[in-house]
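Asks: prediction below, plus the sequence it came from.
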Amino acid sequence: MDLKPNHASPVLTDSAPMNNSRFVIHLSLLPYSPNGSVFSRSLSLAIPRRRPGILDDVRSSVLDAMKSSSPTQTKCTKESSTKLTLSDGDVDGDVAYCNWMTKYPSALASFEEIKNVAKGKQVALFLDYDGTLSPIVDNPDLAYMSNAMRDAVRIAANYFPTAIISGRSRDKVYEFVGLTELYYAGSHGMDIMGPVRSISNDYENCDRSSDKQGKEVNLFQPASEFLPMIDEVFRSLVKTMKGVAGAKVENNKFCVSVHYRNVDKKSWKIVGQYVEEILKNYPKLRLTHGRKVLEVRPVLDWDKGKAVEFLLESLGLVDCDDVLPIYIGDDRTDEDAFKVLREGNRGYGILVSSMPKESNAFYSLRDPSEVMEFLKNLVKWSSTN
């Protein structure tokens with residue numbers, strides 16, 4: 001596949017060490033389905049060993065990590081962003097952001113390039129939810145997508161295989177989206193629904209189930225064994241965070257999110273310390289960072305990038321020269337998917353951001369409104385080809 005040159009510096013999203021051992025799973029993907037599957041104890045876990053003194057180092061860096069994952073928003077108008085891509089003239093708005101866009105050009109302004117590469121290929125769409133299809137809001141329970149966005153996603157799914165890969169629980173993101181035409185991967189890809197299809201022996205531990213319409217589907221849940229542990233940590237965090245004004249703890253089934261968006265910045269350090277104190281007793285769980293959220297996840301060699309690979313295979317679109325995967329996301333956890341597409345020279349990652357930050361993505365979009373415009377452009381292009 002002749003993709004554009006590497007114009008972005010790679011960035012790692014999580015620092016937890018992993019081994020390279022592969023575990024076996026089995027499955028394919030499908031539209032929404034309710035119940036989970038039984039976890040096979042043959043799954044290999046990669047539990048990092050702590051070096052002497054590492055806990056103190058980690059504690060001292062938690063606040064820094066919380067700040068770096070929640071940068072201050074910059075200002076640069078949509079018009080100036082487009083001008084920057086199309087000409088060398090002066091632009092208005094924040095200089096740093098506009099300069100950043102020379103490395104991560106607007107996917108809208110660069111749509112001609114994208115469609116030229118996509119010509120004659122099957123486009124596969126992978127979408128994050130929060131900050132991509134819906135705006136970031138103070139209360140995560142109110143992160144609703146607009147009806148216009150829902151229509152745009154539904155129409156796009158009629159033209160391209162489309163999956164949503166979210167840190168939310170699969171049931172929660174389906175509740176927000178409500179479209180049966182899509183495939184859903186919740187908990188950063190640790191809870192996937194896909195079509196019933198034979199795939200390679202690299203994947204085991206797949207159970208058959210039924211979706212809301214009674215259609216047979218496959219469920220892949222590599223972290224099922226962690227459920228009692230996750231529930232225990234969730235209850236402990238809810239109890240602990242009661243003393244922190246503005247903190248919200250969310251159970252996303254295979255991971256727990258601690259939101260500090262509404263916490264006074266002076267109390268961020270306390271939030272981080274509380275989470276780490278609880279995790280001291282759970283060596284099989286790790287702490288990762290998102291936009292004003294701390295996430296507790298299993299120490300498992302599985303992420304959104306592997307979820308994309310799994311979905312492509314279950315859809316019969318793996319190792320095909322005539323397939324162009326496009327992943328659109330806004331958060332650090334989406335970098336795993338961007339990295340898979342970049343390193344394999346397989347497709348495009350599109351970062352949704354109104355502020356400059358390093359990424360494995362090829363292109364950028366400012367906000368969900370531009371995501372919707374991009375989806376409409378893809379549909380318009382596909383419908384005339």
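Replies: Nice, I can see it.
Asks: so which residues of this structure form strands?
Replies: Using DSSP state E, the strands found in the chain span residues 122-127, 162-165, 183-186, 191-194, 206-210, 216-220, 248-251, 256-259, 285-290, 293-298, 323-329, 348-352, 363-365.
Asks: of all those, which lies closest to residue 95?
Replies: strand 363-365 (16.1 Å; CB to CB). Just so you know, the C-beta spots here come from the backbone N, C-alpha and C atoms, and that holds for glycine as well.
Asks: pull the number of nearby residues for residue 235.
Replies: A count of neighbours around residue 235, defined by other CB atoms under 10 Å, yields 13.
Asks: how about low-confidence regions in the stretch 151-300 of the chain?
Replies: Under the criterion of pLDDT under 70, the regions of the stretch 151-300 of the chain flagged as low confidence span 195-218.
Asks: give me the neighbour count for the closest residue to residue 236 other than its chain neighbours.
Replies: Ranked by CB to CB, 6 or more residues apart in numbering and with sequence neighbours excluded, the top spatial neighbour of residue 236 is residue 278, at 5.2 Å. Using other CB under 10 Å, residue 278 has 20 other residues around it.
Asks: gap between residue 278 and residue 234?
Replies: 10 Å (CB to CB, to the nearest Å).
Asks: hmm, back to that, residues contacting the residue nearest to residue 236?
Replies: 233, 236-237, 240 (CB atoms under 8 Å, 6 or more residues apart in numbering).
Asks: that one and residue 250, how far apart?
Replies: From residue 278 across to residue 250, the span is 15 Å (CB to CB).
Asks: same thing with residue 142?
Replies: Residue 142 is 12 Å from residue 250, by CB to CB.
Asks: residue 105: neighbouring residues, count only.
Replies: 21.
Asks: coming back round to it: so residue 142 and residue 250 - more neighbours on which side?
Replies: Neighbours were counted for residue 142 and for residue 250 using other CB under 10 Å; residue 250 has more, 20 against 9.
Asks: ok, how many other residues are close to the closest residue to that one other than its chain neighbours?
Replies: Using CB to CB, 6+ apart and skipping the chain neighbours, the partner closest in space to residue 250 is residue 257 (4.3 Å). A count of neighbours around residue 257, defined by other CB under 10 Å, yields 22.
Asks: identify the residues contacting residue 257.
Replies: 140, 167, 249-250, 290, 293-296.
Asks: same thing but at 10 Å, please
Replies: 140, 167-169, 187, 234, 237, 248-251, 290, 293-297 (CB atoms under 10 Å, 6 or more residues apart in numbering).
Asks: that older thread, now for residue 278 and residue 234: what residues contact both?
Replies: Contact criterion CB under 10 Å, 6+ apart; residues shared by residue 278 and residue 234: 256, 258, 296.
Asks: make a PyMOL selection of the buried ones in these.
Replies: In PyMOL, this line selects whichever of those come out buried by 16 or more other CB atoms under 10 Å:
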select buried, resi 256+258+296
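Asks: need the shared contacts of residue 278 and residue 234 in TSV with distance to residue 97, can you?
Replies: Shown next, in TSV, are those (distance: CB to CB, whole Å):
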residue	distance to residue 97
256	33
258	29
296	32
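Asks: relative to residue 264, which of the shared contacts of residue 278 and residue 234 is nearest.
Replies: Distances from residue 264 to the shared contacts of residue 278 and residue 234, taken by CB to CB, are shortest for residue 258, at 15.0 Å.
Asks: for that closest one, name its beta-bridge partners.
Replies: For residue 258, the beta-bridge partners under DSSP bridges are residue 249, residue 294.
Asks: and the gap between it and residue 279?
Replies: 11 Å.
Asks: spit out the residues that contact these two alike.
Replies: Contacts common to residue 258 and residue 279, judged by CB under 10 Å, 6+ apart, are 237, 287, 294, 296.
Asks: of all those residues, which two lie farthest apart?
Replies: Top of the distance list for those (CB to CB): 237 and 287, 11.5 Å.
Asks: comparing those two, which residue is more hemmed in?
Replies: More neighbours surround residue 237 than the other of residue 237 and residue 287, with 24 against 20 (other CB under 10 Å).
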